[in-house]
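J.: Predicted structure and sequence below. I'll ask about it afterward.
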Amino acid sequence: MQKLFSTLAILMAILLAPGIGGVARASSFNPGAAGFPTVIRGDQLLFGAMAVDLFGIRAPQPGTVCRADDISFQCGEAAAQAVRRILQDYAVSCEKVSDSQLFPMLTECHVGQSDLNRLILRAGWAMVDMNVCETYARCKTYIADQNFARGAKAAIRNAIFNVDLAAEMKAQNEPDRTLLSFMMP
């Protein structure tokens, strides 16, 4: 019996030793998920039965109502729909980046070579989550992406409001002078 315990102890020491037996140490192994996920929210994906949160970003939650000028809309559902359009028929690979949350797993995800977390931020469908982002080096990039989205939104808004709709409607309602001059002697 003592020989069995000794043998087991030696085997365990060999298997758990770094670089021996082909077994990676737990600290260097980053689990993740890959495949064609279902979008639960603008910042959460479902791979089969495993849910993953997109690290460093927060999208509006389902049921959240937002306003754009005088229009109210369900921005939580709009954010999820935007992510569905981004992912449309593309495989996604995610890698765990934080041990602070076990379920759902906090991940950075990629669609091909593109960082999905950044794509969502740049499209303006999420904000940087400063609660988890303070100590993570990539968060500076996330903040730049968020600022890009804000700048793009301001540029679009300025372009829309620089159009003089009243003048355009007045021009549309005026009679066509060329036609009248042709008909008049």
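T.: That came in fine, so what should we check first? Note that the structure is predicted; figures quoted are calculated from it, not measured.
J.: Can you pull the poorly scored residue ranges out of this protein?
T.: Within the chain, the stretches with pLDDT under 70 are 1-31, 99-103, 154-185.
J.: change it to 90
T.: In the predicted model of the chain, residues 1-34, 64-73, 75, 89, 96-107, 129-140, 149-185 satisfy pLDDT under 90.
J.: how about the strands in it?
T.: 32-35, 38-41, 44-47, 50-54, 57-58, 65-68, 71-74, 92-96, 105-111, 114-115, 127-128 (DSSP state E).
J.: any chance of these in CSV, with distance to Val83 and mean neighbour count too?
T.: For the C-beta atoms, the positions are set from N, CA and C on the backbone; glycine is no exception. Listed next are these as CSV, based on distance: least, C-beta to C-beta, whole Å; neighbours: other C-beta atoms under 10 Å:
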stretch, distance to Val83, mean neighbour count
strand 32-35, 15, 16
strand 38-41, 5, 17
strand 44-47, 8, 19
strand 50-54, 9, 21
strand 57-58, 11, 22
strand 65-68, 16, 11
strand 71-74, 14, 11
strand 92-96, 10, 20
strand 105-111, 10, 21
strand 114-115, 13, 15
strand 127-128, 14, 20
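J.: right, and these - which one's nearest Arg150?
T.: Nearest to Arg150, of all the strands of the chain, is strand 127-128, at 9.7 Å by C-beta to C-beta.
J.: what's that closest one in contact with?
T.: Strand 127-128 has contacts (C-beta atoms under 8 Å, 6 or more residues apart in numbering) with 56-59, 121, 139, 142-143, 146.
J.: repeat that with 6 Å
T.: 58, 142-143, 146 (C-beta atoms under 6 Å, 6 or more residues apart in numbering).
J.: Parallel or antiparallel, which strands does that strand pair with?
T.: strand 57-58 (antiparallel) (DSSP bridges).
J.: Wait, Cys94 touches Ala33, no?
T.: Yes. Look at Cys94 against Ala33 with C-beta atoms under 6 Å: they come within range, at 4.7 Å.
J.: overlap in contacts of the two?
T.: Joint contacts of Cys94 and Ala33 (C-beta under 6 Å, 6+ apart) are Val52.
J.: returning to what we had before: now tabulate the contacts of strand 127-128 in a markdown table and tack on distance to Gln44.
T.: Formatted as a markdown table, the contacts of strand 127-128 follow (distance: C-beta to C-beta, whole Å):
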| residue | distance to Gln44 |
| --- | --- |
| Arg58 | 10 |
| Tyr142 | 17 |
| Ile143 | 21 |
| Gln146 | 19 |
